[in-house]
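> 3D model of this:
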Amino acid sequence: MRARQPVHCNRVVCWVSSWEPMPHGQFLYGPRVPNRMSKIPTEKLDRLVERWEAIQHELNAGPGQDVFTRLTKEFASLDPVVATYREYTGLVDEIAGLEAMRDDPATEREMAMMAEDELERLEQELGEVTDRLQIQLLPKDAADDGDAILEIRAGTGGDEAALFAADLFRMYTRYAETHGWRIEVISVSENDLGGYKELVASIRGEGVFARLKFESGVHRVQRVPETEAGGRIHTSAATVAVLPEAEDVDIEVRPEDIRIDTMRASGAGGQHVNRTDSAVRITHLPTGIIVVSAEKSQHQNRKLAMQVLKSRLYDMERARADTERSQERRSQVGSGDRSQRIRTYNFPQGRVTDHRINLTLHKLDAILAGAALDELIDALITDHQAQQLSDMESHATI
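Have a look, this model is predicted:
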């Protein structure tokens, strides 16, 4: 018989790393990891399952279109959580059954050892499912599932900054195409070299804001400009703002708070630009926000300009509420502080560095083509989720 292994204890449980015969023929076992049940709010999850089942009944009853749309959206948000929770409870039950068999005095030694091997695998799987479930239970940004307004403005660097702004827009356009999103330019101001002094666009699709909200901030580029005869590396910058597109229920704009002006569209030329007063400028009097849309249709311009105005007002309200809740959030990755330098694109070295998480990828061309942008965004989302989990654990111990 092998020598007995010492029993290790912490404040919660005691365990050993392998089976040992006891005087009465039983085996001494214990969990190799602390009990994960305490990390999962099972009562809350049980209520989510009840709500998930209730929604199914309501949908089967054939509600009206508005109710159907709302219930479908709610069901889609709950469904993955319920699936993971059922996977979790199934593992917990399976582990309990194997532990009971292993600890049963009537269980043969070989069967007990087989049960112990299976428990090792299941407990590792339970840990992975628990982590996934905890992430699914993190507080959700109400705007994550919605569309977004993308604003790109040239910063320091003159014409080179405007060219870089155009590069960024092409990057986001290609990225949107890979995700099946629709992108529509609302307004654009170009320079003589084809760069963008300012561009505003709407991006529509599933989870647009959730994926792009971490792009807000100052993007810096280091490269030799096309206009540089001496081959010197210049540093330029462009500012990106990603705003959640506001629904009518999110923000109300009173008619007396806005002034709408029509004017002749400016641009590179052409009959339509020169002869039609189709551009629309909306001024929000209480805040001084000015939005311009200069497409061909005046009616469409009014709609697009109002859409951008509502999104900017909605973003201001979100920022005010965030500041009131916690001043510390302004320093976090997800704060959307657009004065913060977040990323550097270094052409000579072919690298992109995100300064918020100290991540460098030598995939400059692939990132600017939109193909490798997900690698940066996924890392930022993971970091943000880890910070949320850490904050929740800190508050739980207070």
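
> what about the helices in the chain?
Ranges of helices in the chain, per DSSP state H, are 42-60, 65-103, 109-136, 159-178, 208-212, 271-275, 298-325, 364-368, 373-397.

> Who's the closest spatial neighbour of residue 80, skipping the chain neighbours?
residue 136 (6.4 Å; C-beta to C-beta, 6 or more residues apart in numbering). The way it works is simple: take the backbone N, C-alpha and C, and place the C-beta from them, glycine included.

> in the stretch 251-398 of the chain, which ranges drop under the pLDDT threshold?
264-277, 295-296, 321-339, 392-398 (pLDDT under 70).

> change it to 90
Within the stretch 251-398 of the chain, the ranges that satisfy pLDDT under 90 run 251-341, 381-398.

> Let me know the pLDDT of the closest residue to residue 225 other than its chain neighbours.
Closest residue to residue 225 apart from its sequence neighbours, by C-beta to C-beta, 6+ apart: residue 160 at 4.4 Å. For residue 160, the pLDDT comes out at 91.

> do you know how far residue 160 is from residue 340?
Residue 160 is 21 Å from residue 340, where distance means C-beta to C-beta, to the nearest Å.

> what about those two, which has more around it?
Neighbours around residue 160 and residue 340, counted as other C-beta atoms under 10 Å, are more numerous at residue 160. The numbers are 24 against 15.

> how's this protein carved up into domains?
As recorded under automatic domain parsing, the domains making up the chain are 8-136, 148-326+334-393.

> for the shortest one, what is the average pLDDT?
Mean pLDDT, domain 8-136: 76.

> Please report how far residue 83 lies from residue 175.
Distance of residue 83 to residue 175, computed by C-beta to C-beta: 28 Å.

> Between those two, point out the one with more neighbours.
Each of residue 83 and residue 175 has its neighbours counted (other C-beta under 10 Å); residue 175 has more, 24 against 12.

> The more buried one and residue 368 touch, don't they?
No: the criterion here is C-beta atoms under 8 Å, and residue 175 misses it with residue 368 at 10.0 Å.

> check contacts around the nearest residue to residue 49 once chain neighbours are set aside.
Excluding its sequence neighbours, the residue lying closest to residue 49 (C-beta to C-beta, 6+ apart) is residue 82, at 5.6 Å. By C-beta atoms under 8 Å, 6 or more residues apart in numbering, the residues touching residue 82 are 48-49, 52.

> Quick one, which of these are buried?
Among those, those scoring as buried are 48, 52 (criterion: 16 or more other C-beta atoms under 10 Å).

> Export the contacts of residue 82 as JSON lines, with columns for distance to residue 278.
Supplementary listing: the contacts of residue 82 in JSON lines, determined by distance: C-beta to C-beta, whole Å:
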{"residue": "48", "distance to residue 278": "50"}
{"residue": "49", "distance to residue 278": "54"}
{"residue": "52", "distance to residue 278": "49"}
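
> nearest to residue 297, of the contacts of residue 82?
Comparing the contacts of residue 82 against residue 297 with C-beta to C-beta picks out residue 52 as the nearest, at 43.8 Å.

> need the contact list for the residue nearest to residue 80.
80-81, 84.

> Just the buried ones from these?
By neighbour count, with 16+ other C-beta under 10 Å, the contacts of residue 136 hold 81, 84 as buried.

> Name the nearest of the contacts of residue 136 relative to residue 115.
residue 84 (25.3 Å).

> Would you check how far apart the residue nearest to that closest one when sequence neighbours are not counted and residue 80 are?
Closest residue to residue 84 apart from its sequence neighbours, by C-beta to C-beta, 6+ apart: residue 133 at 4.9 Å. Look at residue 133 and residue 80: by C-beta to C-beta, they are 10 Å apart.

> do the same with residue 67
22 Å.

> and what of residue 137?
Applying C-beta to C-beta, the value for residue 137 to residue 80 is 11 Å.

> what about the residue nearest to residue 49, distance to residue 389?
Relative to residue 389, residue 82 is positioned 21 Å away (C-beta to C-beta).

> Name every strand pairing with the single longest strand found in the chain and say which way it goes.
Longest strand of the chain, by residue count under DSSP state E: strand 234-244. Partners of strand 234-244 in the sheet, by DSSP bridges, are strand 148-154 (antiparallel), strand 217-223 (antiparallel).

> Verify the contact between residue 41 and residue 137 for me.
Yes: under the criterion of C-beta under 8 Å, residue 41 makes contact with residue 137 at 7.3 Å.

> Which one's more surrounded, those two?
It is residue 137, of residue 41 and residue 137, that has more neighbours when counted by other C-beta under 10 Å, with 18 against 13.

> What backbone torsions are found at the closest residue to residue 244 other than its chain neighbours?
Nearest residue to residue 244, sequence neighbours excluded (C-beta to C-beta, 6+ apart): residue 143, at 3.5 Å. Reported as degrees, to the nearest 10, the phi and psi values for residue 143 are phi -90, psi 0.

> Measure how buried residue 143 is and give me the count.
When neighbours are defined as other C-beta under 10 Å, residue 143 has 22 of them.

> what's the pLDDT at it?
At residue 143, pLDDT is 74.
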